Every structure is written in structure tokens, then in C-alpha cells.
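>>> Attaching a predicted model along with its sequence, questions to come.
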Amino acid sequence: MLARSKPLTVQVLLVAFTALPALPLSAADSTPAGNEPGLPYVYTKWEQITTKDGLPNDHIFAIKADPTRDCVWIGTEDGLACYDKKTRKIRSWKEKDGLPWRVVSGIDVDPKTGDVWLALFGGGLARFSAGRFDHYHQLNSGLVNDVVYGVAVIGDEVWCATTAGASRHNVVKDKWNIYTEQNAPMEEIWNYGVSARDGKVFLSVWGSGILEFDLATERWKHYLDPDGEMEIELYRDDGVVHVITTGVSYVDKTLWVSTYFGACRYDGRNWRGFFAQEGGTPSDFNNAARGRSAHECWYCTDKGIGAIVDFETDTWVVYTMDPDTREGIAEVRRAGKILKTLRFKQGVPHNYVLWAEFDGNDVWVGTSKGLARAIGEGYYPRLRPLDTQTAGSGSRP
Amino acid sequence: MKRTLEYRLWRQIGCLTVACVVSGLIGMAGDTATHDGSGPQQTLSVAEILKLIDVDAYHVPPLPLMTNKNYARSAADVEPFGAVKPFKEHFLLQMEYTGPGRAIPEPEHVDTVKIGFLGPIMPTVSVATGGKSHEENLGIAMLRGCRLAIEEANAKGGYLKRRVPFELVVRNDNGLWGASGNEIIDMAYKEHVWAILGTIDGANTHIAIRVALKAELPMLTAGDLDPTYIETNIPWVFRCIGDDRQQNYILVDYLFRKLNCHRVAILRSSNRYGRFGVREIRDSARRLGRPIVVEMAHKVGSRDFTMQLDRIQAADPDAIVYWGDGEDAAHALNQIRARGMKQPVVFCDRAVSDEFLKIAGPNAEGVVCGYPWNPDRKDPKLDAFREAFKKRWGVEPDTYASHAYDGMNMLIWAIQTAGLNRAKIRDVLAHRPDPFPGVTGDIPLSAALDDAGEVFLARYENGKWKYYSREDMGIPSGPVIERPRVEREQASIR
């Protein structure tokens, strides 16, 4: 099988954008944002939140925006927190406050009931509802293992990615299903991430690629690295880049996948691999993937955020932090070239990024040393149109 | 000694080692060419490493990253998809840890310095291993090696910086899939261990290392030979024993290049150990144009191999590979010989055991096994270890005890050197400039933090196991090209 080449239209766009004469190359720029024609929106206004601001711990594993409460839930290595966006105050819960286990590795909110579901890393699953924690674990429920990496709510169901399989809990019927190698196409059962939307549940499984479960048909589909080898990536665009996957995000019928060996995207027909050697993403070590649309995904890496913001033109914004000055840095990259570099007072709190969450135009970023909110004033998706009359519409240039 | 020579040669060929000059250290700190591994290989002294890793939470120390030119010393004619130049080749550049852990200060007060142990030491029923557990004898041996290392370190003053003893936090790996993850979490967050040694079962170890990565805790295995253990790209994971890939390679060369076999059959256990254990033999045989004629699996603990051997005999192989536990191996061998099948049978290292010899009896004569080290090596360290182990436990140390002893000593050395900081313990282990001098031989780590030392063959001769290097037995190797596949003009010689 040969690597697929890009469609002609994409090639033309790439040539057109990379040849834009007005764009300074590799130059640090103090302009507030990259809101120039042909360029993507760049987040230059960031708020950093740490233990000094009331977080129970700086090691952030999970974030979930809760628009109905106008707050953001934060899972840390030692406690749960809730950031009230109106008052900008943080409330937190530790084990002494009833949280069943200190490490919160995943969060989702049931839009129907408002219940907050917590994946507890070594402590099972918890439901936080009306100030009360209910604890589900291996010995009192159908949770297959207490090491829970991710949780996702879809309809009346709560899906958990655990280290020994996936659990599916119907909260109305109080019914549990367990999926392992016995009843699902899991070559290995080490589930790492879960994403649920539009009647589908996707599991990223360490050693078993990506599994898709269709809720209507109750059928599985399996995506593996086609070369089947641990030590090579044979072709860039042949499928999941590696069988050891770390995260999955499904949005607009598009699958975004992260691994420790690179990342990839699948639109239902074509795969595309992303690797640091091509100059877009800053690292191949991806802790998580968070898709915003079919065109945009934020990859959380050990060297900052690699956000592909316009897939068609291979345009990326890489957010890092200068460890000397603690300033934020954003590099706009396209097809391996740096088009623009912006520096701002503060950006991501640390370059080891573990999670990202979209909250309207804002983006929340969790790192191993603090939380940050990127404020999306004047945000527009993809690229600013070349015709400034239509700026802000988010349409294609 | 052979491991040392091989390591030096391998390193010299694979990497351009440049002596690090202390006065140049500051300049080197900004050398991204070196930092990202694309420049010449540099090595630092331990003192220099300690200086570099003394950073705040935001800086990543500019430690030179080891680069290998060939993954796992794979011969070109057995590399996967040899006729194609791959888009990317993994595991050639050392992983780095970029998190804030190095800035965590040492705790003000510690009564003991805890090191975790995870291994199968109590019988249980295991889904992963297909029924009743079967690795307790290996786990107990591993635990004994670890205990001896801890006791010796404590006799010398314990953790010297504080003059407090080391403490081994022992957890049973009960084999139920997922349980090892709970144990690691318990050790990481409740016991506050500084590093962990474990375990043996490949599935359980995989679960454990994912937890170790998230909890940022160094984990070293001295008993899991599953090649995929380190093929996960986790910068916190180490191995101090030659893996099944290396054992597969030497057995492939022995069978196909020395004995010139054309029809090889495989009999293996139906668990992960058997499945992954023969993977490189199966793949290499196919790539060499001599595909495995039949591969049969049996349940762990089987005593009747009739169905499997009927098919193997029907395929008329000229050699048989067995991969599984020692007792099962012996029963299978006896039934092979009882059929009058006289083909050479080669085994994995688990056959090198008293149980195997007891059951196999005279059939053991001439048996050849892959083996991760050379116990016949003349080394005062090894002699002293054997004497101490026998005095402490009343038995001779086996391969699991010996490698666990080495592994635990590696962790103790790293803690003594780096102090009570998990990230720094990781750093000194990962960037140690010279191979660790173990009782099993020198232990050089590859870029993937795997034991890159030589493996051997064990042959049972005149009532005794004898150990042979590749050179000793005149086993030819395929061409090992010391250049990344993506840089070669021709992807392969195939």
C-alpha cells in the first residue's frame, strides 16, 4: 500500500499559503495575535491557575467545562476542584471531604442530570451529585477495574476506560456491562481513553489501537496499526500510527488519535499521520488528543501543545512556555515551516501538557505544573479569510 | 567480560562517543544538536549528570540522549518489511522526561527508604495465565535476590545520606489482569516508594508500567522478557535482563544459519508468554524464506500433548522450538522422544531449571536453550553473590534471583546517587555513562533503556548445563547494518 498524496486542491492551498509574502519567518513578534489574513487565531491572553489560587494540587489530569453551572471541573493528582467562572473562586474536595480517592484522572458531566462522573486513578468511579459522592468500585459494582483512566457520558450510559477492560453503566437501569478480550475485539485490554458522541463510543486501548462501538447496532469496529510492528511506522497515512494509543477524540465524524509515537486523524475514509519530524507537532509523545472540529485538534505533548488548527492546509499553532522567562510562546507553523512566532506574558504553565478542554471560545489546558485558561476573545476557527471584509466568519479563505 | 567487549564494540560502532570535558559543559547545555540526539553521542560522568539535573520545575536538563543506529541489533534479513524504507523507525533515540519532578525536594523526614517489589510469590488463580498461577517459584527467587541486595545495602549503612535503612515493600502479583495496577498505585501513593522492581508476567507488567508513567515512578524489570515491555516509549521503564527478542535472534541463527534447518515447528504455551515469546522466531523464519511449518499452543500446565504433537509430527519438521514453563517443557520433550522423534528441540530459558531436569531425565541430554547470561563466567562478584545467596537462602541462585539482585542493586545505586527524588533516580539510571557491573555481567542499556548485553545458549551436557556465546558455538549472524533504516539507500538486503 502506498502513502496517499494530498488532493490537488490541498496542494494548491499549501503552496498559496506558504508563499504568502507578508508573513515574517521565524521572527518573534509582539503583535497581540496572529489575526492576519491567511493565519489562524492565536491565543495570546492566558490566565494561569495554581495551588496559590486554591487548586488542591498542580498536577492536572483532567478538565471538564460545565456550561450549565458556568464552571470548570478540574481533576488533579490530589483532589477535585471546581472553578467558578463568575466569581473566579475555586472550591476543592479531597479525601477528607468525601472524595473516594485522591487522584482524579477523568471527568465528564451528564448534561441531563448535571451529575459529575469522576474516573479515579486506582480508586474506581465516583458520581458527585448534589454534594454527595457515590463510590463505584470492583467490589460493589460492575466496574471491571479500579484503575480508571477515562470516563464519558452518552445518553443514560457512563463508559469507563480501565486498565483491565471497559465498563458500561446504564444509570437508569442500573445495569453494568464489561468488555474485555472475551467479548470485544481487544487484543489487549488496557483501556486508556474514551470518547463518546453521536451514538458512538471510541476507546483508545494500549496495545489494541482504537475500538469503535456503535450504540445502535451494538457492534464493534477495530482500528489497528496496519504494519503490525512495534519498531517502525511503515507508511505515514496507512492507519493508526501505533497500536499503543493514549487518547481518542471524536467530533464532527472525525477521529483524532494520540500515541507516544505520533498522532493521527481519520475522517471515515482517509487516515493522516502527524509526526514531529515533519515540523507541525512539537513532539511524538502525546498524552492526549482533544478534537474541536473536523479541522482542529489540540494534542497534549511532553513538549507543549501541538494544535492543528486547519487540517487542510496543515497549519499548526504550537504553544510552549519559555522556562527562562516563563513567557508564553506561540509558533504558527505550516507544512513544516514557522510562519510566525508570538511571545506573550504568560501562556501554558508548563510544557508537560496532560489535557485540554474547549469551553466556548476559550480553551483550558492542564499540565503537570498548573492549569491555564486561554481566553478566546475574537476567536475564529481555521484561518482568517484573505478578504478582510469577511473576517471573523471563520469561513475558508 | 564478553558482554563488556560486545557493548564497547556495539557502542563504538553505533555511536560516536565523545569524551565530555567538564569545562565544555556549560557550552554543551545549549547544544540542541546534542540534546535532540542528532549530534555525536556524548557521555557525562555521574557528577556532571547530577549537576545538570539540578534544575527547577520548568527546565529540562540538557542531558545527551543516546542514539542507536540499529534497533536491538537486528540483522537486515530479518527486519520487518525489509524491502521497504519505513516512514519512521522507533526506539533509536532515548526518551526524555520533561516534567517538573526534578524540582520536588527531598522529604524532610524519612524513617526508611522504601523500594517496591512486585512479583508472583503466592499461588492464585489467574485469568491472564489461563488458570492456576505457575510462576511462584520464579517470583520467590526474584524476591530472594532483592531481599539479599537490600540486606547487604543496610549492612553497609543503608541510605548513606540519611543513615536510614532501605525497606522492601513487597506486593504479590496475583496474576489477575489489572491487579498489578492497583498494587503500583498503592506503592506510589500510600507507601511512597522511590522505585519499583517487577514483575514477570508480560500482561501484568504492561499494566504496571502505565501506572508508573502516570505516577512518575521508575520501574525496572528483572524477570519480564516480553520484548514489548520497553517498546512502549515510556521514559520511566528499565530492564536489566536480555529479552526474548534477543533470545529469539540467537536461536534463529542457531537453527537456520548454523544447523541449516528448513522446516521448523513451534510448540508453545497459550498464554502471553508463549505468544509473544516466539514472535521473532516466527517472523524471522518467514523473512528468511523458511516459514514455520506448524505452530501449536497448549494450555499452561498441560500434561498431554498428543493433539499438538500429532500435527507437529505430521508436518515432519527438522527442528522444534518450545516456549513455555520448565515443567511443561520437560513433559513435552518426553512425549516428543517417546514418539521416536529425534529432531533437535530448542527451548526458552525457563527450561534451564531443576524441575525440567528432574522430569526430563535422560531426555535432557543435548537440549539447547536460549539464556540471558552466562553463569559460568569467572567473576569474583558472581562468586561472592553465590556464596552469600546460598548462605542466606540455602539454595543456589537461579537466573531470576541473580537478575533481581542486579536490578535491586541498580535501584539502590541510583537512589544513593540521586537522592530521594523519583525523576532524578530515573535520570541517573537512564544516563549512567558506563554499564552497571552486575553479577550477571555488565548491564549496558540501549536507547530504549533495555538490557543491550549479549545473550547465550545453554546446552545440557553430561549432566551439567554449559553456556556458550555465539562465538563459542560458531553461530553466524545475519548482516547487522549500523545505520537507521530510514537513512539507508537500500532499505534492506532482501
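Received, thanks.
>>> give the contact list for the closest residue to B:Thr417 other than its chain neighbours.
Setting aside the residues directly before and after it, B:Thr417 is nearest to B:Val428 in space (Cβ to Cβ, 6 or more residues apart in numbering or on different chains), at 4.9 Å. Yep, even glycine has a C-beta here, placed from its N, CA and C like the rest. Contact criterion Cβ atoms under 8 Å, 6 or more residues apart in numbering or on different chains gives B:46, B:49-50, B:53, B:414, B:417-418 as the residues in contact with B:Val428.
>>> Please repeat the previous calculation with a cut-off of 6 Å.
B:49, B:414, B:417-418 (Cβ atoms under 6 Å, 6 or more residues apart in numbering or on different chains).
>>> what does B:Ile266 give?
When the contact criterion is Cβ under 6 Å, 6+ apart, the partners of B:Ile266 are B:278, B:292, B:295, B:321.
>>> how many neighbours does the second one have?
Same thing as B:Ile292. Under the neighbour criterion other Cβ atoms under 10 Å in any protein chain shown, B:Ile292 is assigned a count of 19.
>>> Is it correct that it falls within a helix?
No. B:Ile292 is assigned coil when assessed by DSSP: H, G, I helix; E, B strand; the rest coil, not a helix.
>>> My understanding was that it contacts B:Ala285; is that so?
Yes. Taking contacts as Cβ atoms under 6 Å, B:Ile292 lies within contact range of B:Ala285: 5.0 Å.
>>> any common contacting residues for the two?
Joint contacts of B:Ile292 and B:Ala285 (Cβ under 6 Å, 6+ apart) are B:Val264.
>>> any weak-confidence spans in the chain?
Because you didn't say which chain, this covers chain A. Counting by pLDDT under 70, the ranges of chain A that qualify are A:1-35, A:387-397.
>>> Wait, chain B was what I had in mind.
Looking at chain B by pLDDT under 70, you get B:1-41, B:125-132, B:175-177, B:490-494.
>>> Near chain A, which residues of it? Just list them.
Of all the residues in chain B, those in contact range of chain A (Cβ under 6 Å from any Cβ of the partner chain) are B:57-59, B:71, B:80-81, B:86-91, B:98-100, B:177-178, B:181-182, B:185, B:207, B:228, B:231-233.
>>> buried subset of those?
The neighbour-count test (16 or more other Cβ atoms under 10 Å in any protein chain shown) marks B:57-59, B:71, B:80-81, B:86-91, B:98-100, B:177-178, B:181-182, B:185, B:207, B:228, B:231-233 as buried among the residues of chain B next to chain A.
>>> quick one: the helices in the stretch 201-350 of chain B?
If you assign secondary structure with DSSP state H, counting those that start in this stretch, the helices in the stretch 201-350 of chain B sit at B:202-215, B:244-252, B:272-277, B:279-287, B:306-314, B:326-338.
>>> got these as a markdown table, with distance to B:Ala364 columns?
Written out in a markdown table, the entries for the helices of the stretch 201-350 of chain B read as follows (distance: least, Cβ to Cβ, whole Å):
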| stretch | distance to B:Ala364 |
| --- | --- |
| helix B:202-215 | 27 |
| helix B:244-252 | 17 |
| helix B:272-277 | 20 |
| helix B:279-287 | 21 |
| helix B:306-314 | 18 |
| helix B:326-338 | 7 |
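>>> Pick out the residue closest to the middle of the chain.
All of this refers to chain A. The structure's chain A has its C-alpha centroid closest to A:Arg290; by Cα atoms, centre = their mean the separation is 2.2 Å.
>>> bridging residues for that one?
Partner residues in beta bridges with A:Arg290, using DSSP bridges, are A:Trp298.
>>> wait, what's in contact with it?
Per Cβ under 6 Å, 6+ apart, neighbours of A:Arg290: A:249, A:298, A:356.
>>> export those to CSV and tack on neighbour count and distance to A:Asn170?
Shown next, in CSV, are the contacts of A:Arg290 (neighbours: other Cβ atoms under 10 Å in any protein chain shown; distance: Cβ to Cβ, whole Å):
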residue, neighbour count, distance to A:Asn170
A:Ser249, 24, 24
A:Trp298, 27, 31
A:Ala356, 27, 29
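>>> Torsion angles phi and psi at the closest residue to A:Lys345 other than its chain neighbours?
Excluding its sequence neighbours, the residue lying closest to A:Lys345 (Cβ to Cβ, 6+ apart) is A:Glu327, at 6.3 Å. In this entry, A:Glu327 is assigned phi and psi values of phi -70, psi 160 (degrees, to the nearest 10).
>>> correct me, but A:Glu327 touches A:Gly347?
No. Contact criterion Cβ under 6 Å: A:Glu327 and A:Gly347 do not qualify, at 7.1 Å.
>>> still on that earlier bit, take the buried ones among the residues of chain B next to chain A and keep only those in helices.
When helices are assigned by DSSP state H, the members of those inside them are B:181-182, B:185, B:207.
>>> can you give me phi and psi for A:Val348?
phi -70, psi 140.
>>> Would you map the strands across the stretch 301-450 of chain B?
Taking DSSP state E, counting those that start in this stretch, the strands of the stretch 301-450 of chain B run over residues B:319-323, B:345-347, B:368-371, B:436-438, B:441-443.
>>> I'd like to know which of the ones you listed is closest to A:Ile74.
When the strands of the stretch 301-450 of chain B are ranked by proximity to A:Ile74, the top entry is strand B:436-438, at 41.3 Å, counting by Cβ to Cβ.
>>> Now the closest one: buried residues?
Within strand B:436-438, the residues that qualify as buried by neighbour count (16+ other Cβ under 10 Å) are B:436, B:438.
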